[in-house]
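Chemist: for reference, the sequence and a predicted model appear below.
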Amino acid sequence: MHSFTKDQSPWIPNGQAGVMSLLRPLLLDVVPTIQQTAALALGRLANYNNDLAEAVVKGDILPQLVYSLAEQNRFYKKAAAFVLRAVGKHSPQLAQAIVDCGALDTLVICLEDFDPGVKEAAAWALGYIARHNAELSQAVVDAGAVPLLVLCIQEPEIALKRVAASALSDISKHSPELAQTVVDVGAIAHLAQMILNPDSKLKHQVLSALSQIAKHSVDLAEMVVEAEIFPVVLTCLKDKDEYVKKNASTLIREIAKHTPELSQLIVNAGGVAAVIDCIGSCKGNIRLPGIMMLGYVAAHSENLAMAVIISKGVPQLSVCLSEEPEDHIKAAAAWALGQIGRHTPEHARAVAVTNTLPVLLSLYMSTESSEDLQVKSKKAIKNILQKCTYLPALEPFLYDAPPNILKHVVGQFSKVLPHDSKARRLFVTSGGLKKIQEIKAEPESLLQEYINSINNCYPEEIVRYYSPGYSDTLLQRVDSYQPITN
Amino acid sequence: MATLARLQARATFLAHQYYFRSRHLHRVATTIQKWWRSYLGRQQYQVVVKLASCAMKMNLYNAMAVRIQRRWRGYRIRKYCFNYFYLKEYLRAVSETNDAIREALEEFAEMKEREEKKADLEREEKKRDYQARKMHYLLSTKQIPGIYNSPFRKDPDPWELRLQKAKPLTCHRPKVKQKRYISLSSWLACTSARSFPRSEILPPIDRKRCQGPFRDITEVLEQRYKPLEPTLRVAEPIDELKVAREELRRQEWMRNVNDNMFLPFSSHHKNKKYIPLMHSSSKYGPNSYGSQHFRDENPRKWICDKDFQTVLPSFDLFSKYGKSYSKAGQII
């Protein structure tokens, strides 16, 4: 009978109700092996899809499971916790049903069990329940699970540590109060110690837990930093596993985004160079947190932006901008470049020298880019252009920019040209003056003022020479000229 | 009009007369006024000069103060607000730290790679060793050269040397001990023979005989391994009645196909839902006045705050109200 039920689980089920009513009496069977196998079969069925999990809940099996969870042996406990996990992972309503039948207290009791397998199953179930929303997390915390989870983290078994770290991460991600509850139990110190562990799945969960804690407020981020994670976290950026790199850069990003002092701390520890190398070594979505981190650091102040520039961040970001296929990563890179270049002319020059401005312009103009990308690249271009005095980078803009950007470009020229004679010469020889004359502007607009101020820098003959239609006027003069015949 | 002209002529004539008459007085008066005016003018001039000199001095002081302030402002901004050299130093230090971190991370990555390679090599070695131990029978003997020691080769294959070094593998694996599951709650199980440790080392043969008459060994063992006979009170749990009821309920739950109670047909018609009185089923619950107390309680009308005292005991008859009548009267 129990082998029959075990074999049933991989089948695509129809007629779920029949299965539940068959399995229910088996749960109360005298032979313990049959009970365990029945529970295991239920767990596998519930794991498979949402409807089966709902059928398990409707079949009124959960109270029986919860009742016997308190009494039976460890194999049954593991199987019952597996059923609860499988039911709870699909949706918040099912998780709420599990909480309503009083399973949380029994699961917390299971967390105190001797057997590490039982603890792992209970911690996994609690983590899946707490994952959905803040109320369920609060219910898990109210049942007193958090101190026991922190004890579980200190156990020697790696699988148990992984699951406990992932449960803590799921609890603390919803709100600052929940994160504070986790911190109050002293979880940060243990999590920080486990960063040194060589197992990559464990590191992945631990870094995720720390970043969920640090993201809520400045105080929490400071507490995470006080646990002395720098510079150890930077070694995680060199790990072979992609997800460890991603979570490590997420953690650094969450710390850097709060205040300039925290960003300064990261820069002083050499974090920027490590993140830039990490961006260079991976592709796709893994890069995204690192790019955002550079943007946040550069946004705080111009000294930090200069620090990003001298760590060779700008070439890396422009490489990301041009070669990534996804729009949201490009948008993040455009935003980061805008934050770096907007402070002073030095910064704008550093960005413009790498030839990223034409790329940004093409992204803004192209119809295939998403709206978010267009908005971000436009803002970045505007911010950089308002400070840019590096004329060779500005000249291509005269030719293919749309009118709203052209206004800023011409404005920059009008600021720089009156003071620099070499630049004036270069402007004329490269054909910029010709292009300026061809621009049509409304008589009283800002653009016309800029054009006038540029024209005032040059002698009148040259301006007339380059104005459109000059060759026609010359030919007209030839036509009307009467040679002096002797 | 004519009078006015005549008056004017007369006035001028009189003035001239007056003037010619008192030339000397005029001269004297003019001199006095002249000296007085010059005195006033000199005073005024002194005031003007004083003001001008004060203004000049103040201008000089202001100009000098501005010079000092200019130098101070420049110094302050350069030293405290935006120290260019400090910034350059800081950026240089940051780039040095970056380089150091990059080197350290490279070293770390290299070390990790080396460790991985070493682990891989060791795994390969172990595998090959295991293979060699399994294939030990392919070793070449004096009479017959093995397959790895072909006579046409100059020197034997490395596998041959490995086979020489390997220890032969026995096919018997140590039996995995079956761990019997013993629940901690069954006390009887821990009196079984396995739960007491038996020593592995046998006692020495030539030991001194212990002194004294000893009990029979079978009796001793019987006493030691006597099973527990708990009293009836201890043997049954406290809430065994409740547990038994639960057990019964679970049995029924297990056996029941349908959870609804089977009702006798005589109650079949009693399927109307009870509709309570509107007076007694208000939104806030039935009014307790009339069913639980008959005394209207209005604290504002109370004369004093002491309750009624029972001076005379109540009638015995009323305490037996409803209890002394028969059940058939349906009063209870």
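Modeler: Great, that's in hand. Note that the structure is predicted; figures quoted are calculated from it, not measured.
Chemist: give me the pLDDT value at B:Leu202.
Modeler: B:Leu202 is assigned 67 on the pLDDT scale.
Chemist: same deal with the one 10 residues further on?
Modeler: If you check B:Gly212, the pLDDT there is 77.
Chemist: how many neighbours does it have?
Modeler: 5 (other Cβ atoms under 10 Å in any protein chain shown). Backbone N, C-alpha and C define where each C-beta goes, glycine included.
Chemist: for chain A, what are the nearby residues on the stretch 51-200 of chain B?
Modeler: B:87, B:90-91, B:94-95, B:97-102, B:105, B:108-109, B:112, B:181, B:183 (Cβ under 8 Å from any Cβ of the partner chain).
Chemist: please narrow the residues you listed to those residing in helices.
Modeler: Among those, DSSP state H puts B:87, B:90-91, B:94-95, B:97-102, B:105, B:108-109, B:112 in helices.
Chemist: which element is the residue nearest to the spatial centre of chain A on?
Modeler: Most central in chain A under Cα atoms, centre = their mean is A:Pro289, positioned 4.3 Å from the mean C-alpha point. Element membership of A:Pro289, judged by DSSP states H and E, is helix A:288-300.
Chemist: so what does that helix touch, helix or strand wise?
Modeler: Packing partners of helix A:288-300 (3 or more Cβ pairs under 8 Å, 6 or more residues apart in numbering or on different chains; DSSP states H and E): helix A:242-256, helix A:260-268, helix A:271-281, helix A:302-310, helix A:313-323, helix A:327-341.
Chemist: if we can go back for a sec, buried subset of the residues of the stretch 51-200 of chain B next to chain A?
Modeler: B:90-91, B:94-95, B:97-98, B:101-102, B:105, B:109 (16 or more other Cβ atoms under 10 Å in any protein chain shown).
Chemist: of those residues, closest to A:Leu373?
Modeler: The nearest member of these to A:Leu373, counting by Cβ to Cβ, is B:Asn98 at 30.2 Å.
Chemist: and that closest one, how far is that from A:Lys434?
Modeler: 45 Å (Cβ to Cβ, to the nearest Å).
Chemist: and if you look at B:Leu312?
Modeler: Distance, B:Leu312 to A:Lys434, by Cβ to Cβ: 124 Å.
Chemist: who's more crowded, those two?
Modeler: Between B:Leu312 and A:Lys434, counted using other Cβ under 10 Å, A:Lys434 has the larger neighbour count: 15 against 5.
Chemist: for that one, which non-adjacent residue is closest in space?
Modeler: A:Tyr466 (4.6 Å; Cβ to Cβ, 6 or more residues apart in numbering or on different chains).
Chemist: measure the one you found to A:Phe427 for me?
Modeler: Counting by Cβ to Cβ - A:Tyr466 and A:Phe427 are separated by 11 Å.
Chemist: neighbour count: these two, which is higher?
Modeler: Taking A:Tyr466 and A:Phe427 together and counting by other Cβ under 10 Å, A:Phe427 has the greater number of neighbours (24 against 19).
Chemist: shouldn't that one be in contact with A:Leu391?
Modeler: Yes. Using Cβ atoms under 8 Å, A:Phe427 is in contact with A:Leu391, at 7.2 Å.
Chemist: now do the shared contacts for those two.
Modeler: Common neighbours of A:Phe427 and A:Leu391 are listed as A:Phe413 (criterion: Cβ atoms under 8 Å, 6 or more residues apart in numbering or on different chains).
Chemist: is it true that B:Lys134 touches B:Leu169?
Modeler: Yes. Assessed by Cβ under 8 Å, B:Lys134 is found in contact with B:Leu169 at 5.5 Å.
Chemist: number of residues surrounding A:Glu242?
Modeler: A:Glu242: 16 neighbours (other Cβ under 10 Å).
Chemist: I'd like to know which elements the helix or strand that B:Glu116 is a member of is packed against.
Modeler: Under the criterion of DSSP H and E, B:Glu116 resides in helix B:84-134. Contacts defined by 3+ Cβ pairs under 8 Å, 6+ apart place helix B:84-134 against helix A:232-236, helix A:260-268, helix A:271-281, helix A:302-310, helix B:158-165.
Chemist: now with 7 Å, please.
Modeler: helix A:232-236, helix A:271-281, helix A:302-310, helix B:158-165 (3 or more Cβ pairs under 7 Å, 6 or more residues apart in numbering or on different chains; DSSP states H and E).
Chemist: and the angle for it with helix B:158-165?
Modeler: Interaxial angle of helix B:84-134 relative to helix B:158-165 (axes from the mean of the first three to the mean of the last three Cα atoms, to 10 degrees): 70 degrees.
Chemist: hang on, the earlier thing: most tightly surrounded among the helices and strands packed on helix B:84-134?
Modeler: helix A:271-281 (a mean of 25; mean count of other Cβ atoms under 10 Å in any protein chain shown).
Chemist: mind checking the pLDDT average for that one?
Modeler: For helix A:271-281, mean pLDDT rounds to 94.
Chemist: spell out whether that helix and chain B are in contact.
Modeler: Yes. Judged by Cβ under 7 Å from any Cβ of the partner chain, helix A:271-281 and chain B are in contact via A:272-274, A:277.
Chemist: where does the residue in the stretch 201-332 of chain B positioned nearest to chain A sit: helix, strand or coil?
Modeler: Closest to chain A within the stretch 201-332 of chain B is B:Met254: 4.8 Å, counting by Cβ to the nearest Cβ. Reduced to three states with DSSP: H, G, I helix; E, B strand; the rest coil, the structure at B:Met254 is helix.
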